[in-house]
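Novice: return atomic coordinates for the entry below.
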Amino acid sequence: MRNGRVQYYAAKRGGSGLLVVSALGHLYSLTQVGGGWTYPVYEMKWVPASQVNRANKRVNAYIETISALSKGVDRFVSACDYDQEGSLIAYNVLRYAVGDHSLANSRRMLYSTLTRRDLADSWENMEPTLDYPVIAAGKTRHEVDWLFGINLSRALTLAVRKTSGAKKTLSIGRVQGPTLSFVKEREAVIRGYVPVPYWRVYVETIVAGETIPMEYEKKRLEREVEARELASECRGRDGKVVDVGKRSERLLPPPPFNLGDLQREAYRVFKVSPTGTLRAAEKLYLGTYISYPRTSSQRLPPTLDIRGILEQLSEQRAYSKHAEELLKRKSLRPRQGNKNDPAHPAIHPTGAKPRRLKEDEANIYDLIVKRFLSCLGRPAVKEKIDAEVDVNGHSFYMRGVKTTKKGWLDAYAPYVEDKEMLLPEIEPGVVVPVTKFSTRRGYTRPPKRYNPSSLLRQMESHEIGTKATRANIIDTLYRRGYLTGKRITATDLGLRIAETLEGYCPSILSVETTRELEASLDEIQVGEKSPEEVVEGVKEALTPILAQFKESEGEIGAAIAEAVAEGPAEEEPCLTDCRVCGRERSGDSVYCERHQAAYGSLEESYPRWRRALGLSWKEYLGKVNKISGTGMWVKEVINDILSGS
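Specialist: Got it, this is the predicted structure:
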């Protein structure tokens, strides 16, 4: 049935008439009480989302439809997703679109899959009231995020606007700040990195007609002379096997996916972004093919009908072999992970056969099913062999790996590599020739840039954001122009904002501040803290931060304005400017903080270079300047030094 453009459903169950209508996500948003585009702003209210953003005008039709359908209805049921967002969506609809009177006559359905059986069971066993602690935590999260976001974003924007007249709107929030700081810190390390030389040893021997690589006892040599001496003593010599060690290693199956694990694995295997993975998983959930994806759990409950799911999977050709093997067992015990979620189990297939999936959806579904089958599998067993070879007093090692029991590895193929390195039978006392010996110079590398998956893991490990919001936070930083590229690079604007906030308002970038707030929101959900206490605490925390912002508005605006303008201002150089980039000098240095730190790294690394290769300072600078892993800021300092020498 339809009311204008809004589709709804009429049905009967147990003698009662039912009207079912969706909510199109959040129909209500927060806005400030009163007018004016300034800060601080602490008073807020819930209004239709179209009043906050005109692009959300579609919500008006849904609000009108729900309001009209509610007339004469005596009971209401929240069947939104069972998490903070879903619970809050239903609460706001009932409170504002229907009216406060509806809350006392409202109940809650709880479910983790959209299968007919689970929905019927949820209907028959629904909660007698709404889930008010979850609603309170969700409502407080929105209010806290609104307080941080609107005040800090306005403070940034107005500081730049008053200083330069630039009209670009800038934003920062309580989770955006620490996340941007992670990238800024990594960026500073990469751009200020000075590689250091080392030497690796590559050796081969022949055993039973097979060419076998041997590893030297030291992973790296730090001096060229050491590499030459080793080559002189070992090249062309025979070695003697002095010890052969064998050990068996069990590889336990992986636990089933939670959302973070699924997002990281999908990025590793398919290079699908965390947001893309969540989007595909939600489509699979709505299609009844998998359980609810926004979960932190790595555990499957004992009430889950695993055998029933396997019976359905056995009817799908791609999974029949492994499903049938598992069904032969008397008991089915999944490998459980450490993380739990009281609302939802780990992500698992329902057994329903998918139809007409897009490529990403098909890939994510396959990954989820194979992870489910794997977690029910037996451990894999590998035999590892280490043969120590003495060559003129130096120890080298032949290493072999053989899979003796495939276990869960078969079910998870092709998403796990079963690497083997087979060695011929070998005993102590056997003499083997050194058939190939070489040493190669390499250079240490800076840490890898974050990608969307590893940045999400960093957020998760520091307990900032939620399983449902982390990917969106990363996307927001891209949209704001603070980050760019799949191998994430902080833009000049992102760097300037992070550096400026670090200097004037470091608490905005603090992981601890955000983590403590997340803990407070969790305490609301379990009834250990009141929403009012948390919101008032945020206001008290923001007040001195915003006061400091106003006091330093000119300096903050000037520091960021140049990056907003996408280029340095055309001004005559000043004696207080950095010799490289024209930014403000750091203390007594001729460089800014960035380039002074790079110069410090050059000084710190020089003794290791001199010891390794015996180079003069000028020779050292010339060498470092040509290496690809040398940081951009380091190269800029080198060019400045060499141009004046």
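Novice: going by C-alpha atoms from here, please, whenever you check contacts or count neighbours.
Specialist: Fine.
Novice: how about stretch 463-482: buried residues?
Specialist: 463-468, 470-471, 473-478, 482 (16 or more other CA atoms under 10 Å).
Novice: between those, which is closest to R95?
Specialist: A468 (24.1 Å; CA to CA).
Novice: how much space between that closest one and D410?
Specialist: Distance from A468 to D410, counting by CA to CA, to the nearest Å: 32 Å.
Novice: swap in S106?
Specialist: 49 Å.
Novice: which parts of the longest helix belonging to the chain are buried?
Specialist: Secondary structure of the chain per DSSP state H: the longest helix is helix 132-164. Counting neighbours by 16+ other CA under 10 Å, one finds that the buried residues in helix 132-164 are 133-141, 143-144, 146-161, 163-164.
Novice: try stretch 544-564
Specialist: 545-546, 549-550, 553-564.
Novice: the residue nearest to the spatial centre of the chain: what's it in contact with?
Specialist: Compute the mean C-alpha point of the chain, and by CA atoms, centre = their mean the closest residue is L456, 0.9 Å away. Shown in contact with L456 (CA atoms under 8 Å, 6 or more residues apart in numbering): G260, P274, R470, A471, I474.
Novice: among the residues you listed, which lie within strands?
Specialist: Assignment to strands by DSSP state E places none of the contacts of L456 there.
Novice: G557 is in contact with K162, correct?
Specialist: Yes. Contact criterion CA atoms under 8 Å: K162 and G557 qualify, at 7.4 Å.
Novice: on that earlier part again, quick one: average pLDDT of the helix or strand harbouring the residue nearest to the centre of the chain?
Specialist: Using DSSP states H and E, L456 sits within helix 452-461. Mean pLDDT, helix 452-461: 96.
Novice: kindly export that helix (C-alpha atoms) in PDB.
Specialist: C-alpha atoms of helix 452-461 as PDB (Å, rounded to 0.1, in the frame of the first residue of the first chain):
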ATOM      1  CA  PRO A 452      41.400   2.500   5.100                       C
ATOM      2  CA  SER A 453      41.600  -0.900   6.700                       C
ATOM      3  CA  SER A 454      44.600  -0.400   8.900                       C
ATOM      4  CA  LEU A 455      43.400   3.100  10.000                       C
ATOM      5  CA  LEU A 456      40.100   1.400  11.000                       C
ATOM      6  CA  ARG A 457      42.100  -1.100  13.000                       C
ATOM      7  CA  GLN A 458      44.000   1.700  14.700                       C
ATOM      8  CA  MET A 459      40.700   3.300  15.700                       C
ATOM      9  CA  GLU A 460      39.400   0.000  17.000                       C
ATOM     10  CA  SER A 461      42.500  -0.700  19.000                       C
END
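Novice: got the buried residues for it?
Specialist: Buried, per 16+ other CA under 10 Å, within helix 452-461: P452, S453, S454, L455, L456, R457, M459.
Novice: what ranges do the strands span in the stretch 401-550 of the chain?
Specialist: 431-443, 483-484, 489-490 (DSSP state E, counting those that start in this stretch).
Novice: between those, which one is nearest to A380?
Specialist: Comparing the strands of the stretch 401-550 of the chain by CA to CA, strand 431-443 comes nearest, at 32.4 Å.
Novice: partner strands of that closest one, parallel or antiparallel?
Specialist: strand 197-207 (antiparallel), strand 238-251 (antiparallel) (DSSP bridges).
Novice: deepest of these, which one?
Specialist: strand 197-207 (a mean of 18; mean count of other CA atoms under 10 Å).
Novice: now that one: how far from the chain's centre is it?
Specialist: 37 Å (CA atoms, centre = their mean, to the nearest Å).
Novice: dump it to CSV, restricted to CA.
Specialist: Taking C-alpha atoms only, strand 197-207 is exported to CSV below (Å, rounded to 0.1, in the frame of the first residue of the first chain):
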residue,chain,number,x,y,z
PRO,A,197,72.0,1.1,5.1
TYR,A,198,72.2,-2.5,6.0
TRP,A,199,73.3,-5.7,4.2
ARG,A,200,71.5,-9.0,3.7
VAL,A,201,73.1,-12.3,2.9
TYR,A,202,71.7,-14.6,0.2
VAL,A,203,73.1,-18.2,0.2
GLU,A,204,72.1,-21.4,-1.6
THR,A,205,73.2,-25.0,-1.3
ILE,A,206,72.3,-28.2,-3.1
VAL,A,207,70.9,-31.2,-1.2
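Novice: show me what the next helix or strand after it is packed up against.
Specialist: Counting by DSSP H and E, the next helix or strand C-terminal to strand 197-207 is strand 210-216. With contacts taken as 3 or more CA pairs under 8 Å, 6 or more residues apart in numbering; DSSP states H and E, strand 210-216 sits against strand 197-207, strand 394-405.
Novice: now do the shortest one against strand 394-405, angle only.
Specialist: Meaning strand 197-207. 70 degrees (axes from the mean of the first three to the mean of the last three CA atoms, to 10 degrees).
Novice: tilt between strand 197-207 and strand 210-216?
Specialist: Going by the same axes, to 10 degrees, strand 197-207 makes 150 degrees with strand 210-216.
Novice: residues making contact with strand 197-207?
Specialist: Applying CA under 8 Å, 6+ apart, the set of residues contacting strand 197-207 is 211-216, 219-224, 227, 424, 432-444, 609, 612.
Novice: distance to K168 and mean pLDDT added to the strands of the stretch 401-550 of the chain, as TSV?
Specialist: Output for the strands of the stretch 401-550 of the chain, formatted as TSV (distance: least, CA to CA, whole Å; pLDDT from 0 to 100):
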stretch	distance to K168	mean pLDDT
strand 431-443	42	97
strand 483-484	16	97
strand 489-490	18	96
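Novice: now mean neighbour count and distance to P195 too, for the ones you listed, in JSON lines please.
Specialist: Converted to JSON lines, these look like this (neighbours: other CA atoms under 10 Å; distance: least, CA to CA, whole Å):
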{"stretch": "strand 431-443", "mean neighbour count": "16", "distance to P195": "6"}
{"stretch": "strand 483-484", "mean neighbour count": "20", "distance to P195": "25"}
{"stretch": "strand 489-490", "mean neighbour count": "24", "distance to P195": "20"}
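Novice: then stretch 272-279 to CSV, C-alphas only?
Specialist: The C-alpha trace of stretch 272-279 is given here as CSV (Å, rounded to 0.1, in the frame of the first residue of the first chain):
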residue,chain,number,x,y,z
VAL,A,272,37.0,-3.2,-0.8
SER,A,273,36.9,-0.2,1.5
PRO,A,274,35.4,-0.6,5.0
THR,A,275,32.4,1.5,3.9
GLY,A,276,31.9,-0.7,0.8
THR,A,277,32.1,-3.8,2.9
LEU,A,278,29.5,-2.5,5.3
ARG,A,279,27.2,-1.5,2.4
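Novice: how about it: buried residues?
Specialist: Going by 16+ other CA under 10 Å, stretch 272-279 has these buried residues: V272, S273, P274, T275, G276, T277, L278.
Novice: can you list the domains in the chain?
Specialist: Domain ranges of the chain: 2-130, 144-192+448-564, 197-253+380-443, 259-375, 593-643, per automatic domain parsing.
Novice: show me the contacts for the nearest residue to A79 once chain neighbours are set aside.
Specialist: Nearest non-adjacent residue to A79, counting by CA to CA, 6 or more residues apart in numbering: M109, 5.1 Å away. By CA under 8 Å, 6+ apart, the residues touching M109 are V77, S78, A79, C80, S122, W123, N125, M126, E127.
Novice: filter those down to the buried ones.
Specialist: V77, S78, A79, C80, S122, W123, M126, E127.
Novice: list the ones among those that fall in strands.
Specialist: Those of the buried ones among the contacts of M109 lying in strands (DSSP E): V77, S78.
Novice: and the buried ones among the contacts of M109, which is closest to V93?
Specialist: S78 (9.7 Å).
Novice: my read: that closest one touches Y111, true?
Specialist: No. Counting by CA under 8 Å, Y111 is not a contact partner of S78; they are 11.4 Å apart.
Novice: now the common contact residues for those two.
Specialist: Taking CA under 8 Å, 6+ apart as the contact rule, S78 and Y111 have no neighbour in common.
Novice: and the buried residues of stretch 463-482, which is the shakiest by pLDDT?
Specialist: A468 (85).
Novice: for that residue, give its distance to N56.
Specialist: Applying CA to CA, the value for A468 to N56 is 21 Å.
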